[in-house]
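Undergrad: Attaching a predicted model along with its sequence, questions to come.
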Amino acid sequence: MAFDGIAIAAITHELQTLIGGRIDKITQPEQDEIFLTIRAHGSNFRLMLTCNSSFPRLHLTNLAKESPLVAPMFCMVLRKHIGGGRVKSISQPSLERIVQMQIEARNEMGDLTEKTLILEVMGRHSNIILLDGERVLDSAKHVSLGISARPVLPGLPYAPPPSQNKKDPFLLEESTFTAPFDYTGISKSSAGLIGDDFSVFYALMEDIKGGRFYPSVLYNGEKPAGFAFFGEHPHSRSFDSPSQMVEFFYGEKDNQDRIHQKSADMRKLVGNLIARCIKKVGMFEKTEKEIEGRDHLRLMGELITANIYAIKPGAKVASLQNYYEEDAPIIDIPLDPQKSAAENAQAYFKKYNKQKRTADALTVQVAQNAEELAYLEAVLQSIELSEDIHDLAQIRAELAEQGFVKRRPASSKKGSQSAKSKPLLFVTEGYEIFVGKNNHQNDQLLKTAEKDDIWMHTKNIPGSHVIIKTRGGNVPDSVLEAAASLCAYYSKGRGSSMIAVDYCPRKNVKKPSGAKPGMVIYESYNTAFITPDENFVKSLGGQIDG
């Protein structure tokens, strides 16, 4: 759903409560994201502006994000010029996808100055720009002339985005009405909801002028599929304010998009390592086929040795009786006529020993490769399950410990340690169920579980370790089923049906010495078959432990 001119009109109307407020704090958690904490009417408001290419928008938020230890340059420029300033106005030209904040602040000399903070919502061309008059002071994204015909760089004059030659929806006339999409600020998705009825479109424009908005999220089944600020819609959920609705709709989408971007390098690395392991499997199979006849080499050496005096010098073939078989058949053994019988025997033994050493080494390599492949597939699944940057940081640290990536130098600055990622915690019928999101968490759950707690894992499928805290008693079947559903859902088999989930008391699970993170062996277990159900999992309402 596009964050179009109608959405901006609804948010801009809501933000009028900030006029006269003081900007107390400015942070920039992401390169394309600004948070302004504004004190107005005795309350603190947190305003988020983001020019993220996928989900550009602005709205009030309760979200608090960690800021980098060193503020980005744009953040420092904003703090210098508008920190402590007062919001004079927040406006939207016509129904354009542009928001302008006029801010009055004192400069270094103590004189009052007026700055303009602009958010342009234009997909991948979105930007946040700070102006002094008509001159650009700085922007979240620097756009050079080589990239665009409309450069945005410090010191250059500001030019508004080029016109799309659309009609002004506030100058609506029935005689010239065509279709809603032909008017400024109306996205295709909004136009589809409005339809081609002039009276409906006219009534919408009157509602926008009067500040009457009806924010709601539209659903396709159980999943949010879009949103609207007007009309009544089936399969929708209404919200008290535009900001609440926008934060709800974009929250999960935005987080997933950022996690996907930040994990791209790890997914590529682990994917390449998995491909390398799979390639090794083919190489091992080829080698095994090449040496599968090694015992016959030893047999020929032994038969030559047993008949060493019967073989004539210079012979090319020795027809000898194979006394190892019941009928003692005659077999022909190729010889090198330049070698004696003893030398020919030694040549066969040498080939045999070489292939035997290869076979012995191959057995070890096949086992190591299988273990590494299983481990990497589990890591890849952990990346897919990551819910925030702390999860990704923990996985990256694990990969560094295993030697797959270089360790990042530890910062000596105070507060540089990232918050520790923790398992998910679900509670059903009073029983706590813990779900590890990566191998380190899986190992920690195993380490801290009591011997009679129930441990679960999908059979032969990468996924989370699950622990049910039994409190020393018997666990109801309904709780076992709920935990098995979580186990199946937080695994690679999420989209499949009838997933096998093994479970047993914690005391039956062992971690071999030297095993990779998340790798265990277990015995005396039961197996449940579960089809993952997202709605059921969400009904359990998991939260981060601690």
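TA: Done, it's in.
Undergrad: per-residue confidence for Ala410?
TA: Note on Ala410: pLDDT of 57.
Undergrad: same thing with Val364?
TA: 95.
Undergrad: Give me the neighbour count for it.
TA: A count of nearby residues for Val364, using other CB atoms under 10 Å, gives 9. In short, each C-beta sits where N, CA and C put it, glycine included.
Undergrad: same thing with Ile274?
TA: 17.
Undergrad: Now do the contacts for it.
TA: Leu373, Leu376, Glu377, Leu380 (CB atoms under 8 Å, 6 or more residues apart in numbering).
Undergrad: quick one: which of the residues you listed is nearest to Thr527?
TA: Glu377 (20.3 Å; CB to CB).
Undergrad: now the closest one: how far from Met498?
TA: 20 Å (CB to CB, to the nearest Å).
Undergrad: Break down the stretch 101-250 of the chain into its helices, ranges please.
TA: Ranges of helices within the stretch 101-250 of the chain are 188-194, 198-209, 242-262, based on DSSP state H, counting those that start in this stretch.
Undergrad: Does anything pack onto the shortest one? Which helices or strands?
TA: Think helix 188-194. helix 198-209, strand 223-228 (3 or more CB pairs under 8 Å, 6 or more residues apart in numbering; DSSP states H and E).
Undergrad: List of residues touching the first one?
TA: Read it as helix 198-209. Residues contacting helix 198-209 (CB under 8 Å, 6+ apart): 6, 9-10, 95, 169-170, 172, 174, 177, 180, 194, 213, 230-231.
Undergrad: run the last query once more with 6 Å
TA: If you take CB atoms under 6 Å, 6 or more residues apart in numbering as the criterion, helix 198-209 is touched by Ala9, Pro169, Leu172, Glu174, Phe177, Pro180, Ile194, Phe230.
Undergrad: Find out how far that helix is from the centre of the chain, if you would.
TA: Helix 198-209 sits 41 Å away from the centroid of its parent chain (CA atoms, centre = their mean, to the nearest Å).
Undergrad: Give the buried residues for that helix.
TA: Under the neighbour-count criterion of 16 or more other CB atoms under 10 Å, helix 198-209 has Phe201, Leu204, Met205, Asp207, Ile208 buried.
Undergrad: Could you do the last one as well?
TA: Within strand 223-228, the residues that count as buried by 16+ other CB under 10 Å are Pro224, Gly226, Phe227, Ala228.
Undergrad: What average pLDDT does that strand get?
TA: 85.
Undergrad: so what secondary structure elements neighbour it?
TA: Secondary-structure packing of strand 223-228 (3 or more CB pairs under 6 Å, 6 or more residues apart in numbering; DSSP states H and E): strand 216-220.
Undergrad: could you redo the last one with a cut-off of 8 Å?
TA: Partner elements for strand 223-228 (3+ CB pairs under 8 Å, 6+ apart): helix 188-194, strand 216-220, helix 242-262.
Undergrad: okay, the angle between that strand and strand 216-220?
TA: 140 degrees (axes from the mean of the first three to the mean of the last three CA atoms, to 10 degrees).
Undergrad: Would you mind getting the angle between the top helix by length along the chain and helix 242-262?
TA: If you go by DSSP state H, the chain has its longest helix at helix 341-385. Helix 341-385 runs at 170 degrees relative to helix 242-262, counting by the same axes, to 10 degrees.
Undergrad: who wins for proximity to Leu153 among the helices and strands packed on strand 223-228?
TA: That would be helix 242-262 among these, by CB to CB, at 25.1 Å.
Undergrad: Which of the residues in that closest one are classified as buried?
TA: Pro242, Ser243, Gln244, Met245, Val246, Glu247, Phe249, Tyr250, Asp254, Arg258, Ile259.
Undergrad: Next: stretch 361-368.
TA: Leu362, Val366.
Undergrad: how near is Cys479 to His13?
TA: I think there's a mix-up here, since residue 479 is Val and not Cys. The value you get for Val479 to His13, if CB to CB is used, is 48 Å.
Undergrad: Specify which residue of Glu377 and Met498 has the higher count of neighbours.
TA: Shown here are Glu377 and Met498; by other CB under 10 Å, Glu377 has more neighbours (17 against 11).
Undergrad: surely the more buried one meets Gly493?
TA: No: with contact defined as CB atoms under 8 Å, Glu377 does not reach Gly493; the gap is 12.0 Å.
Undergrad: Specify which member of the buried residues of strand 223-228 is nearest to Gln100.
TA: Phe227 (23.5 Å).
Undergrad: is it true that that closest one touches Tyr219?
TA: No: the criterion here is CB under 8 Å, and Phe227 misses it with Tyr219 at 10.2 Å.
Undergrad: related to what we said a few turns ago, can you redo the buried residues of strand 223-228 as JSON lines with distance to Ile103?
TA: Output for the buried residues of strand 223-228, formatted as JSON lines (distance: CB to CB, whole Å):
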{"residue": "Pro224", "distance to Ile103": "34"}
{"residue": "Gly226", "distance to Ile103": "33"}
{"residue": "Phe227", "distance to Ile103": "29"}
{"residue": "Ala228", "distance to Ile103": "31"}
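Undergrad: count of residues packed around Glu66?
TA: Neighbours around Glu66, by other CB under 10 Å: 13.
Undergrad: Touching, it and Pro29? I think so.
TA: Yes: judged on CB under 8 Å, Glu66 makes contact with Pro29 at a distance of 6.4 Å.
Undergrad: would CSV of the helices and strands packed on helix 188-194 with distance to Leu299 be doable?
TA: Compiled in CSV, those are given as follows (distance: least, CB to CB, whole Å):
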stretch, distance to Leu299
helix 198-209, 90
strand 223-228, 66
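Undergrad: right, so of these, which gets closest to Asn52?
TA: strand 223-228 (16.9 Å).
Undergrad: out of the helices and strands packed on helix 188-194, which comes closest to Thr17?
TA: helix 198-209 (17.9 Å).
Undergrad: got the CA positions of the closest one in PDB?
TA: The C-alpha coordinates for helix 198-209 follow below in PDB (Å, rounded to 0.1, in the frame of the first residue of the first chain):
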ATOM      1  CA  PHE A 198     -17.300  11.800  -8.800                       C
ATOM      2  CA  SER A 199     -19.500  12.200  -5.700                       C
ATOM      3  CA  VAL A 200     -17.400   9.700  -3.700                       C
ATOM      4  CA  PHE A 201     -14.200  11.400  -4.700                       C
ATOM      5  CA  TYR A 202     -15.700  14.900  -3.900                       C
ATOM      6  CA  ALA A 203     -16.800  13.700  -0.500                       C
ATOM      7  CA  LEU A 204     -13.400  12.400   0.200                       C
ATOM      8  CA  MET A 205     -11.700  15.700  -0.600                       C
ATOM      9  CA  GLU A 206     -14.200  17.500   1.700                       C
ATOM     10  CA  ASP A 207     -13.300  15.100   4.500                       C
ATOM     11  CA  ILE A 208      -9.600  15.800   3.900                       C
ATOM     12  CA  LYS A 209     -10.200  19.500   4.000                       C
END
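Undergrad: What's the mean pLDDT across that helix?
TA: pLDDT averaged over helix 198-209 gives 95.
Undergrad: can you check stretch 79-99 too?
TA: Mean predicted confidence for stretch 79-99 is 96.
Undergrad: Give the buried residues for it.
TA: 79, 81-83, 85-87, 90, 92, 95-99.
Undergrad: Next, format those as TSV and append distance to Thr116 and secondary structure.
TA: Output for these, formatted as TSV (distance: CB to CB, whole Å; DSSP: H, G, I helix; E, B strand; the rest coil):
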residue	distance to Thr116	secondary structure
Arg79	16	helix
His81	10	helix
Ile82	10	helix
Gly83	15	coil
Gly85	11	coil
Arg86	14	strand
Val87	11	strand
Ile90	11	strand
Gln92	13	coil
Leu95	19	coil
Glu96	15	coil
Arg97	16	coil
Ile98	11	strand
Val99	10	strand
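Undergrad: which of the residues you listed lies closest to Pro151?
TA: Looking across the buried residues of stretch 79-99 and measuring by CB to CB, the closest to Pro151 is Ile98, at 17.6 Å.
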